[in-house]
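Asker: fold the following for me, if possible:
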Amino acid sequence: MKDKPIVVLGGGISGLSAALELLKNGKKVVILEREKEAGGMARTINESDYYLDFAPHAYHSTDPEFLKEIFSLIGDELEERSKDVRINFRGKYFLYPLKARDLALNMNPLLTLSALTDFIFAFPKRKSRLDRSSEDWLVNRFGRTLYEIFFGPYSAKVWGVPLSCLSPEFAAHRIPYPNLWNIIKNSLIRKKDTNDTHPYAPLVKKLFYPRKGAGRLPKKMQEEILKNGGEILLGYEAKSIEILGNKVVRVKGEREGKEITLSPESVIFTIPLPEISKMLSPSPGKKIADLAKKLRFRDMVILSLIVKGRPVLSAQSIYYTNKLFNRLSEINLYGGIEMVPPECSLLTLEMTCAEGDYLWNMEDDLLLGEILPYLEEEGILSKEDIVFHKKMRLKNAYPIYLRDYEEVMGGILSYLEGIDNLRLCGRQGFFKYIDMDLCWKSGKELALNILHGGSRIPLKELTYQERLFF
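Answerer: From the prediction side, this is the model:
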């Protein structure tokens, strides 16, 4: 086993992090990455002398270990900014995370009264009501009014399904404050900055962004991996994982018809988890294949616009509840100040969709034509301001936490427990909606687990929702 490599499937942040930690500890590592560049969602595209990101991917964390790592790699390339994100709701702009004073000043007084009344009646009963879905979770903590006018419609647009179809875990993961009272309390009581965070949606105040795009970190990680003797096979798609007894004995990849076969010591799986049932040989059978089909991802289309002038927006990102796009961002305001010429700004518009639907298939110019009236209506820009535009597609961007997905994952993981040297991690590979800092941590912790037969995270004591890898 000494000369066999650890094979990492997928070269996103999780896979790169695991590979780098393993190489530093003397392991042989080979990464198979389907795209022409490593980095996953965090890679930066160089197009017509512009640098384009798949929407903003700012580095943020209260984990000093993660911050130390990125500063050691690209500290001299980072810009620091204070977080400034807004929600456009019924024509008005609200701070995000929500502030009680902001809600009171900007929302219709009758609507505010209705929301507060709803909450006052719902809050005492929340502990006796079951959270069967994200809708239940939100209504029990914020009241029916706020759910009906904001949480419900926006989430249905973004995820393609109503919140009644999503697990309560989804709302618990993504809502920064646990209830409306917490928003009110945090607005009334001034507290010193602390390291208190929500585990999946941190209440961060500081962001760091590479001047030439988020892809600078994975690019630097790639350089370090090669410097330490690792191999990164770009353009290779993982095709099969062959099992003998209770171990992976071969992994096959393919690029432009050329096949490669690797005999691994271990396999780290960071590509979309539903693919695993198709790749395992012998087949895991119909039961596991059917479970894998129940795991769904939301795809995304990003329209990048290079426009004259800067700044263009009043905040780094603005969420829209009633537009074709979900989020409009100005990357320069995050710190990506060298991605476009100094007299221009880079805007990104994100639209969640499904592969093959009308948004996914729409031509670049047609999509711009659909978007432009919204931007003109908001007074953000006109057609004459646009210097360059490009549509980018991103498959498997966000795992969808459908109701009972935990049981689905439990069934898949129970089967995979029988394969000793196959590990899962990352957003796609472990089906966890986590940000880049936790993707990095999941890779590093998994590497430590492989190296030392254990981890600083006591896996057996954690539920699936609390784990970062398997």
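Asker: tell me the secondary structure for the nearest residue to residue 224 once chain neighbours are set aside?
Answerer: Nearest residue to residue 224, sequence neighbours excluded (C-beta to C-beta, 6 or more residues apart in numbering): residue 20, at 5.8 Å. All C-beta atoms are positioned from the backbone trio N, CA, C, and that covers glycine. Classification of residue 20 by DSSP: H, G, I helix; E, B strand; the rest coil places it in helix.
Asker: begin at 43, not 1, for the rest of this chat.
Answerer: From this message on, residue numbering opens at 43, which makes the last subject residue 62.
Asker: would you map out the domains in the protein?
Answerer: 48-88+101-120+253-336+445-508, 127-230, 338-442 (automatic domain parsing).
Asker: okay, how far is it across the last one, tip to tip?
Answerer: Spelled out, that is domain 338-442. End-to-end span of domain 338-442 (C-alpha to C-alpha, to the nearest Å): 6 Å.
Asker: including distance to residue 247 and mean neighbour count, could the domains of the chain go into a markdown table?
Answerer: Shown next, in a markdown table, are these (distance: least, C-beta to C-beta, whole Å; neighbours: other C-beta atoms under 10 Å):
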| stretch | distance to residue 247 | mean neighbour count |
| --- | --- | --- |
| domain 48-88+101-120+253-336+445-508 | 9 | 19 |
| domain 127-230 | 11 | 17 |
| domain 338-442 | 13 | 18 |
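Asker: using a markdown table, lay out the ones you listed together with mean pLDDT.
Answerer: As requested, these are exported to a markdown table (pLDDT from 0 to 100):
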| stretch | mean pLDDT |
| --- | --- |
| domain 48-88+101-120+253-336+445-508 | 92 |
| domain 127-230 | 73 |
| domain 338-442 | 94 |
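Asker: present the ones you listed as a markdown table; the columns should include distance to residue 94.
Answerer: As requested, the domains of the chain are exported to a markdown table (distance: least, C-beta to C-beta, whole Å):
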| stretch | distance to residue 94 |
| --- | --- |
| domain 48-88+101-120+253-336+445-508 | 5 |
| domain 127-230 | 21 |
| domain 338-442 | 5 |
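Asker: end to end, how far does stretch 172-190 reach?
Answerer: End-to-end distance of stretch 172-190: 19 Å, with C-alpha to C-alpha as the criterion.
Asker: also stretch 279-298?
Answerer: Criterion C-alpha to C-alpha; first-to-last residue distance in stretch 279-298 is 9 Å.
Asker: same check on stretch 90-101?
Answerer: Terminal residues of stretch 90-101 lie 26 Å apart, using C-alpha to C-alpha.
Asker: buried ones in that stretch?
Answerer: Buried positions in stretch 90-101, judged by neighbour count with 16 or more other C-beta atoms under 10 Å: 92, 93, 94, 95, 96, 97, 98, 99, 100, 101.
Asker: what's the closest of these to residue 277?
Answerer: residue 96 (18.6 Å; C-beta to C-beta).
Asker: now that closest one: how far from residue 356?
Answerer: Separation of residue 96 from residue 356 (C-beta to C-beta, to the nearest Å) stands at 23 Å.
Asker: which one of the buried residues of stretch 90-101 is nearest residue 271?
Answerer: Checking the buried residues of stretch 90-101 one by one against residue 271 (C-beta to C-beta), the nearest turns out to be residue 101, at 26.5 Å.
Asker: now that closest one. Nearest residue, chain neighbours left out?
Answerer: The shortest distance from residue 101 to any non-neighbouring residue, by C-beta to C-beta, 6+ apart, is to residue 250 (4.4 Å).
Asker: and the helix or strand containing the one you found, how far out from the chain middle?
Answerer: If you go by DSSP states H and E, residue 250 is part of strand 248-252. Mean-position distance between strand 248-252 and its chain equals 16 Å (C-alpha atoms, centre = their mean, to the nearest Å).
Asker: repeat that for stretch 52-67.
Answerer: 18 Å.
Asker: what of stretch 418-435?
Answerer: Chain-centre distance of stretch 418-435: 25 Å, with C-alpha atoms, centre = their mean.
Asker: now for the top helix by length along the chain, which elements pack on it?
Answerer: Longest helix of the chain, by residue count under DSSP state H: helix 478-494. Judged by 3 or more C-beta pairs under 8 Å, 6 or more residues apart in numbering; DSSP states H and E, helix 478-494 is in contact with helix 55-66, helix 106-116, strand 308-311, strand 464-466, helix 468-471.
Asker: dump the ones you listed to TSV, plus distance to residue 129.
Answerer: Formatted as TSV, the helices and strands packed on helix 478-494 follow (distance: least, C-beta to C-beta, whole Å):
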stretch	distance to residue 129
helix 55-66	27
helix 106-116	27
strand 308-311	36
strand 464-466	34
helix 468-471	24
